[in-house]
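Chemist: need a structure here:
(one chain, ligands or ions: 1)
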Amino acid sequence: MTYKEEIYTLRELEPGIFRIGNSGVFMDLIVGEHRALLFDTGYGFGSLKDVVRSITDKPLYVVNSHGHVDHACGNAQFGGAYIHPADLALCLEHNTPAYRKMELNVAEVPVDFDMDAYLSLGTGALEPVGEGHIFDLGGITLQVLEFPGHTAGSIGLYCPERKLLYVGDAMNNFVWLFLPEAQSLDTYIGSLHKAAAIPFTHMIQSHEPDPVPKRKLWDYLDLAEHLDYETGLSVAAPGYEGDARICTRLGIHHDDRSHPGFAAILIAKEKL
Ligand SMILES: [Zn+2]
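Modeler: Take a look at the predicted model:
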């Protein structure tokens, strides 16, 4: 654990579009004329609510991209969150004291961090949300899109007014498809094609600080559709006992993450 005076970073990408960072994960706040929406609540170390309320006092929707511990453990600070039903059990599991404790090694926590209180926070009330639901913030809308793959209940939010697609962990430069909750490679490919048909210009990813141009989707598709598990690099994947492998695009080394065409999938054989 690292103790810090200020644990959250804050950045306004464009008017009303904010990113809040902590411990390697970003949460997104979108502020409309009448309401605001927080997409993901991170690990929930310290008071994320104070950060949100320093930006806006408008009524707030809180939505989880999926149920993982680094996306949904601040839910209780807001009384709960919307989540896809397919990730509800996962979210409850990842909010248990045992899961929360596992993540404390990466934590940037405030100087007055109360570990016992943190471990027992729970999720708050979880409300189901699914495909097609529209959150209307006034002048800005966010449409829910199901993107199964990384988890069964992974969702994105499409903002047509800003041409932004919030994707959580559903698609990025290093997708995890090895945990038990991950879906098949084909399911993931289906989600990539679904995203490709949406007229957005940039993706907002949970572990990438900057917006990612839409053209990056074609690198993800190229890798996923030509994935060769046999030549992948076998690694010890966190929380997984089997043979998980890092697979990259042909000719790009798995360590060459600054390569403009880099894309990787950490995948288990049973997902092929
Ligand atoms: Zn995740």
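
Chemist: and the most centrally placed residue in the chain, what does it touch?
Modeler: Central residue of the chain (CA atoms, centre = their mean): Gly168, 2.8 Å from the mean position. By CB atoms under 8 Å, 6 or more residues apart in numbering, Gly168 lies in contact with Phe39, Asp40, Ser65, His66, His71, Phe147, His150, Ser154, Ile155, Gly156, Gln205, Ser206. (Glycine included, C-beta is placed from N, CA and C.)

Chemist: try Val106
Modeler: Neighbouring residues of Val106 by CB under 8 Å, 6+ apart: Ser23, Gly24.

Chemist: any idea how far the ion is from it?
Modeler: 14 Å (CB to the ion, to the nearest Å).

Chemist: just for the chain, where's the confidence low?
Modeler: Within the chain, not a single segment meets pLDDT under 70.

Chemist: give me that answer again for 90
Modeler: 1-2, 5, 102-107, 236-242, 250-258 (pLDDT under 90).

Chemist: show me where it has its helices.
Modeler: 48-55, 69-72, 88-94, 97-102, 115-119, 185-196, 216-225 (DSSP state H).

Chemist: same for the fifth one, what does it pack against?
Modeler: With contacts defined as 3 or more CB pairs under 8 Å, 6 or more residues apart in numbering; DSSP states H and E, the secondary structure elements packing on helix 115-119 are helix 97-102.

Chemist: packing partners of the helix it packs on?
Modeler: By 3+ CB pairs under 8 Å, 6+ apart, helix 97-102 packs against helix 69-72, helix 115-119.

Chemist: pull the residues that contact the longest one.
Modeler: In this case it means helix 115-119. By CB under 8 Å, 6+ apart, helix 115-119 touches Gly44, Phe45, Pro97, Arg100, Lys101, Leu104.

Chemist: and the third one, how far is that from Val69?
Modeler: Using CB to CB, to the nearest Å, Pro97 is found at 11 Å from Val69.
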